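> Can you look at this prediction? I've put the sequence above it.
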Amino acid sequence: MRNQRVTLQDIALLADVTKMTVSRFLRTPEKVSPETRERITKVMQEVGFPLEETEKKNKSRKIGILVPSFNNQIFSELLAGIESVTSEQGYQTLVVNYDYSKEREEEHIINLLTYRLAGLILTDSVHTLKADKYLNAADIPIAQVMDLDDSHGRIAVGFDNFQAGFDMATALIASGKKHVVYFGSMSDPRDMKRYEGYRKAMENNGLTPQHITPNKVSSVSIGAGMLTMARQLDPLVDAVLCTNDDIAVGVLQECLRLGIRVPQEMAISGFHGLDIGLATTPLLASVITPRFEIGKVAAEIMLKKINKIPTIERVDLHYRISLGGTI
């Protein structure tokens, strides 16, 4: 067939689909199943239909984003950083929550990759084997944020969680505390790296590391219960390093309720420098992390990759230690 004689009906007949399906493929290809998209594409190529112009016209301007929780402030600030860039450049974001489940993350990764995404941003660097296979086979830029793991050729923007845990534990120990307990949350890779940094600092000072992890999303309410458990396990506990500020605020509130002097009898540190920790008296000590900037830089790098502009792929945005009034 000559190009000018090819109609949508011709393509539909050859691909064994309806004319409406071909039209949908041309307008919103993400709404057509991968198998059908492949069949229609093959027919268009065989008959000489100007597919390149069609693809150019329908070039995706969607960025997929996977976050482990919608209830955690750190991810809302990360998303704000991403969208400060994507919205200005005319890109839309598709945000999906997987509730810290590797199986759900795998399912969402596979589903998102069936869409005509321009890029994909992940908030974890450890995935299931199946999810990794799909990610490695994807022909779009992929970013992993909030950490600096070996990214397997993917964009990496974040900070060193291990070193942050080490530095804050060292600050607690330097204040004279000897019985420092680490309060975790979901045992996700970032949480565990902070614990490993804390453990290294404790062992370097000849102290015994202690770890309490409820495997629940961090919140103010669980902080009080974790403090009660820590005091039962070690009546001499004199400091806690929390994986998030909301847990630390719960610990602080419980200390104030029980008349435990902070920081004289109990030093407390959070993580991330969330707004909730800036409103306490005394001011909460915390590891201040640049969530908005991480999202912004990751999005900037991703759009450069999408548009074939040379760019760096790994950025350490660091953190800073704030001792507040609780150390």
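The structure has been received and is ready for your questions.

> Now do the same contact list for the closest residue to Ile142 other than its chain neighbours.
Spatial nearest neighbour of Ile142, excluding adjacent residues (C-beta to C-beta, 6 or more residues apart in numbering): Arg154 at 4.5 Å. For every residue, glycine as well, the C-beta is placed using N, CA and C. With contact taken as C-beta atoms under 8 Å, 6 or more residues apart in numbering, Arg154 is in contact with Leu122, Leu135, Pro141, Ile142, Ala143, Gln144, Glu313.

> Looking at those, which is nearest Ala239?
Distance to Ala239, by C-beta to C-beta, is smallest for Gln144 among the contacts of Arg154, at 32.0 Å.

> who's in contact with the closest one?
Applying C-beta under 8 Å, 6+ apart to Gln144 gives the contacts Leu122, Thr123, Asp124, Ser125, Ser151, Arg154, Ile155, Ala156, Gly158.

> where in the stretch 51-200 of the chain is pLDDT low?
Scanning the stretch 51-200 of the chain for pLDDT under 70 picks out 51-59, 151.

> Report the contact partners of the nearest residue to Lys102 once chain neighbours are set aside.
Distance criterion C-beta to C-beta, 6+ apart; nearest residue to Lys102, sequence neighbours excluded, is Thr128 at 5.3 Å. If you count contacts by C-beta under 8 Å, 6+ apart, Thr128 has them with Lys102, Glu103, Glu105, Glu106.

> Now distance to Thr208 too, for the contacts of Arg154, in TSV please.
Listed next are the contacts of Arg154 as TSV, based on distance: C-beta to C-beta, whole Å:
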residue	distance to Thr208
Leu122	35
Leu135	40
Pro141	45
Ile142	41
Ala143	39
Gln144	34
Glu313	40
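
> Name the nearest of these relative to Gly165.
Using C-beta to C-beta, the contacts of Arg154 come closest to Gly165 at Gln144, 19.2 Å.

> The closest one - that's part of a strand, no?
Yes: membership of Gln144 in a strand is supported by DSSP: H, G, I helix; E, B strand; the rest coil.

> hang on, the earlier thing: may I ask which of the contacts of Arg154 has the most neighbours?
Within the contacts of Arg154, most neighbours by other C-beta atoms under 10 Å means Ala143, with 27 neighbours.

> what's that one in contact with, if anything?
Residues near Ala143 by C-beta under 8 Å, 6+ apart: Gly119, Leu120, Ile121, Leu122, Arg154, Ile155, Ala156, Val157, Ala298, Ile301, Met302.

> do the same with Pro282
Counting by C-beta under 8 Å, 6+ apart, Pro282 touches Val262, Pro263, Gly324, Gly325, Thr326.

> can you give me phi and psi for Thr93?
When read as degrees, to the nearest 10, the backbone of Thr93 gives phi -110, psi 140.

> mind starting the numbering at 18 from now?
Sure, I'll start counting at 18 from here, so that last one is Thr110.

> could you check the distance from the most centrally placed residue in the chain over to Ile99?
By C-alpha atoms, centre = their mean, the chain has its centre lying nearest to Thr140, at 2.0 Å. Using C-beta to C-beta, to the nearest Å, we find Thr140 at a distance of 11 Å from Ile99.

> shared neighbours, those two?
With C-beta under 8 Å, 6+ apart as the test, Thr140 and Ile99 both reach Ile82.

> Would you mind listing the buried residues in stretch 27-45?
Buried residues in stretch 27-45, defined by neighbour count with 16 or more other C-beta atoms under 10 Å: Asp27, Ile28, Ala29, Leu31, Ala32, Val34, Thr38, Val39, Arg41, Phe42, Leu43.

> Serialize those residues to JSON lines and add fields for distance to Gln249, secondary structure and pLDDT.
Shown next, in JSON lines, are these (distance: C-beta to C-beta, whole Å; DSSP: H, G, I helix; E, B strand; the rest coil; pLDDT from 0 to 100):
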{"residue": "Asp27", "distance to Gln249": "76", "secondary structure": "helix", "pLDDT": "83"}
{"residue": "Ile28", "distance to Gln249": "71", "secondary structure": "helix", "pLDDT": "86"}
{"residue": "Ala29", "distance to Gln249": "71", "secondary structure": "helix", "pLDDT": "88"}
{"residue": "Leu31", "distance to Gln249": "73", "secondary structure": "helix", "pLDDT": "88"}
{"residue": "Ala32", "distance to Gln249": "68", "secondary structure": "helix", "pLDDT": "89"}
{"residue": "Val34", "distance to Gln249": "66", "secondary structure": "coil", "pLDDT": "91"}
{"residue": "Thr38", "distance to Gln249": "64", "secondary structure": "helix", "pLDDT": "89"}
{"residue": "Val39", "distance to Gln249": "68", "secondary structure": "helix", "pLDDT": "84"}
{"residue": "Arg41", "distance to Gln249": "62", "secondary structure": "helix", "pLDDT": "79"}
{"residue": "Phe42", "distance to Gln249": "63", "secondary structure": "helix", "pLDDT": "82"}
{"residue": "Leu43", "distance to Gln249": "65", "secondary structure": "helix", "pLDDT": "78"}
